[in-house]
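predicted model follows, preceded by the sequence.
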Amino acid sequence: MNFPLDKFKKAETPFYYYDLALLQRTIDAVKEAAHDYRVHYAIKANANPTILERIALNGFGADCVSGGEVQAAIDAGIAPEKIVFAGVGKTDSEIALALKYKIGCFNCESLPELEAIDEIAGKIGHTAHVAIRVNPNIDAHTHHYITTGLAENKFGISMEQLPQVVDAAQRLKNIEVVGLHFHIGSQILDFEPFEALCNRINDLQDLYANELSLQMINVGGGLGINYNDPDYDSIPDFEQYFSIFRRNLKLRTGQSLHFELGRSIVAQCGTLISRVIYVKEGIRKKFVIVDAGMSELLRPALYGAYHQIENLSANSDSTPEMTYDVVGPICESSDVFGNEIKLPLTQRGDIIAFRSAGAYGETMASNYNLRKLNPPIFS
């Protein structure tokens with residue numbers, strides 16, 4: 001990625017930089033590979049209004065996990081019928097908001113939630129469309145914090161409990177079960193779990209063929225990106241991803257197939273830009289202390305996530321390489337972006353880029369330590 005370094009030097013750091021041309025190329029790749037499949041952008045990945053407006057202009061729907069995200073999708077111009085609402089803890093007010101907008105579907109994760117939606121929909125004389133979220137007990141081979149499809153998990157309904165939930169749902173008068181929903185995890189780079197998911201869905205469709213008339217199957221998202229070499233793999237292989245479902249999933253006549261992609265669409269277009277405050281000489285270590293911290297990019301502190309770190313100010317061809325711990329200014333020992341990171345000789349005032357930060361970066365930012373995140377810059 002080519003960065004406008006002169007612009008960065010004049011700007012107050014830290015801030016997020018978004019390459020909208022790369023975002024559009026990624027969106028175009030999704031649309032070309034998806035064909036007639038329906039894509040709902042996962043707003044939790046990045047809720048920046050400019051990003052959402054670009055998503056809406058390209059005809060994507062939205063995958064929301066809060067009332068605030070439902071409202072953001074509406075404000076961005078995403079059609080209500082293209083909005084799906086997931087999450088294990090939907091409040092009554094959030095359900096009422098979604099019903100008011102007549103969203104496309106609730107992805108329901110428990111029997112009490114189905115009963116709550118039924119009650120609230122009944123009060124306003126509305127029939128709510130729901131998809132039952134099923135835990136298919138498939139190991140996504142990813143970090144345990146972002147694995148969501150195993151049998152015993154706070155998300156969704158286990159295979160063992162599914163018959164009871166289906167039976168109860170059919171007795172509720174103000175909901176209509178229109179589909180099944182799945183999401184097995186995030187940052188999945190091994191495609192085998194997606195094939196296993198297709199096989200599990202095929203079996204469930206056969207099992208419930210006489211009980212449920214399903215209009216849609218929603219397979220969630222989870223496609224990962226290359227954090228180690230973002231320039232080499234700036235756009236994920238969407239063709240291979242969608243082809244797995246095209247080859248292995250046996251849709252019924254008239255059924256639509258839905259996806260909830262987030263990270264794979266926005267991660268590579270976003271970079272956190274920071275400035276070196278100090279270079280500190282320790283006994284056995286050298287520390288690069290930057291003005292961004294876990295308040296701006298939480299993933300490394302939260303679960304040890306890796307982001308490629310680059311010194312944009314240094315000329316790597318002529319500057320000797322050194323080994324540093326790159327850390328933030330927050331009063332927490334976990335406020336570390338990387339240990340033993342090799343960078344060109346780095347000094348106070350240098351501009352540092354944390355790559356592949358377009359997903360779960362700005363949207364997870366906080367004002368911890370009463371810190372301020374500056375407005376983003378767009379290409």
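Thanks, I have it. Numbering: from 1, shown residues only.

list the buried residues of the longest strand along the chain.
Under DSSP state E, the strand in the chain containing the largest number of residues is strand 270-281. For strand 270-281, the neighbour count (16 or more other C-beta atoms under 10 Å) marks 270, 271, 272, 273, 274, 275, 276, 277, 279 as buried. Any C-beta I mention is one placed from the backbone N, CA and C, and that applies to glycine too.

now stretch 343-362
Neighbour-count burial for stretch 343-362 [16+ other C-beta under 10 Å]: 343-346, 350-362.

again, but for stretch 158-165
159, 162, 165.

try stretch 199-210
So for stretch 199-210, counting by 16+ other C-beta under 10 Å, buried means 200, 201, 204, 205, 208.

next: stretch 366-379.
For stretch 366-379, by 16+ other C-beta under 10 Å, it's 371, 373, 376.

ok, so of those residues, who is nearest residue 82?
residue 376 (25.4 Å; C-beta to C-beta).

where exactly do the helices run in the stretch 101-250 of the chain?
111-123, 162-171, 192-207, 238-248 (DSSP state H, counting those that start in this stretch).

who touches residue 53 in this structure?
By C-beta atoms under 8 Å, 6 or more residues apart in numbering, residue 53 lies in contact with 76, 77.

measure it to residue 78 for me?
9 Å (C-beta to C-beta, to the nearest Å).

so how far is residue 221 from the residue in the chain sticking out farthest from the centre?
In the chain, the residue that sits farthest from the middle, by C-alpha atoms, centre = their mean, is residue 283; the gap is 40.0 Å. For residue 283, the distance to residue 221 (C-beta to C-beta) stands at 45 Å.

same deal with residue 60?
12 Å.

which SSE is the nearest residue to residue 46 once chain neighbours are set aside in?
Nearest residue to residue 46 in three dimensions, chain neighbours excluded: residue 266, at 4.6 Å (C-beta to C-beta, 6 or more residues apart in numbering). If you go by DSSP states H and E, residue 266 is part of helix 263-266.

so what does that helix touch, helix or strand wise?
Helices and strands touching helix 263-266, as assessed by 3 or more C-beta pairs under 8 Å, 6 or more residues apart in numbering; DSSP states H and E, comprise helix 20-34.

next, the angle helix 238-248 makes with the helix it packs on.
Between the axes of helix 20-34 and helix 238-248, defined by axes from the mean of the first three to the mean of the last three C-alpha atoms, to 10 degrees, the angle is 20 degrees.

immediately after helix 20-34, which helix or strand?
strand 38-42.

distance to residue 114 for the buried residues of stretch 366-379 - can I get that in TSV?
Converted to TSV, the buried residues of stretch 366-379 look like this (distance: C-beta to C-beta, whole Å):
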residue	distance to residue 114
371	41
373	38
376	39
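
could those be laid out in JSON lines, adding pLDDT, secondary structure and distance to residue 30?
Shown next, in JSON lines, are the buried residues of stretch 366-379 (pLDDT from 0 to 100; DSSP: H, G, I helix; E, B strand; the rest coil; distance: C-beta to C-beta, whole Å):
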{"residue": "371", "pLDDT": "95", "secondary structure": "coil", "distance to residue 30": "34"}
{"residue": "373", "pLDDT": "94", "secondary structure": "coil", "distance to residue 30": "28"}
{"residue": "376", "pLDDT": "98", "secondary structure": "coil", "distance to residue 30": "22"}
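
which one of the residues you listed sits closest to residue 306?
residue 373 (21.4 Å).

the closest one: what's it in contact with?
Counting by C-beta under 8 Å, 6+ apart, residue 373 has contacts 14, 15, 16, 295, 296, 362, 365, 367.
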